[in-house]
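**Q** no FASTA, just this:
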């Protein structure tokens, strides 16, 4: 897969080694960008790096697009039959889903809560389903952490 992609849409929402994916970008491509969409320190670096490198950075971040942009992506996915793997679940599984996503979400599933059919008035789901989920400590997102990430990318030459 090395040098086989024009663009990478990286939606991982936590700190990870996103620079490892750069080798997948085709150096002959006119695009050759990894777009960071998940909120983590790399996201901040993806905002700073294009400004520091005058647009030459292969790592960029993107905020959500406007309605026209969003519709264009939906139409492209529909045309090429690109669909997310989804699983409709009841609210009683919410804690399990949070814990699963926190651990990694290896399956890459997008969960959809069936609120209309499973949320019952007067039911305390935290009490009835074992209390709050057990999640790992949040690594957070900060401007300082993002700038540190950008500096690391610049000095490593991975921009």
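**A** Received the coordinates, thanks. Being a predicted model, the structure only gives us computed values, none of them experimental.
**Q** so residue 147 is in contact with residue 42, correct?
**A** No. Here residue 147 lies out of contact with residue 42, judged by C-beta atoms under 8 Å, at a distance of 11.6 Å. All C-beta atoms are positioned from the backbone trio N, CA, C, and that covers glycine.
**Q** between these two, which one's more packed in?
**A** Remark: of residue 147 and residue 42, residue 42 carries more neighbours, 29 against 16, as counted by other C-beta atoms under 10 Å.
**Q** if I look at the more buried one, how far off is residue 48?
**A** The gap separating residue 42 from residue 48 is 10 Å, by C-beta to C-beta, to the nearest Å.
**Q** which neighbours do these two have in common?
**A** Common neighbours of residue 42 and residue 48 (criterion: C-beta atoms under 8 Å, 6 or more residues apart in numbering): residue 146.
**Q** gap between the two ends of stretch 20-27?
**A** End-to-end distance for stretch 20-27: 15 Å, by C-alpha to C-alpha, to the nearest Å.
**Q** so the closest residue to residue 82 other than its chain neighbours is in which element?
**A** Once flanking residues are discounted, residue 82 sits nearest to residue 76: 7.6 Å by C-beta to C-beta, 6 or more residues apart in numbering. Per DSSP states H and E: residue 76 is located in helix 67-79.
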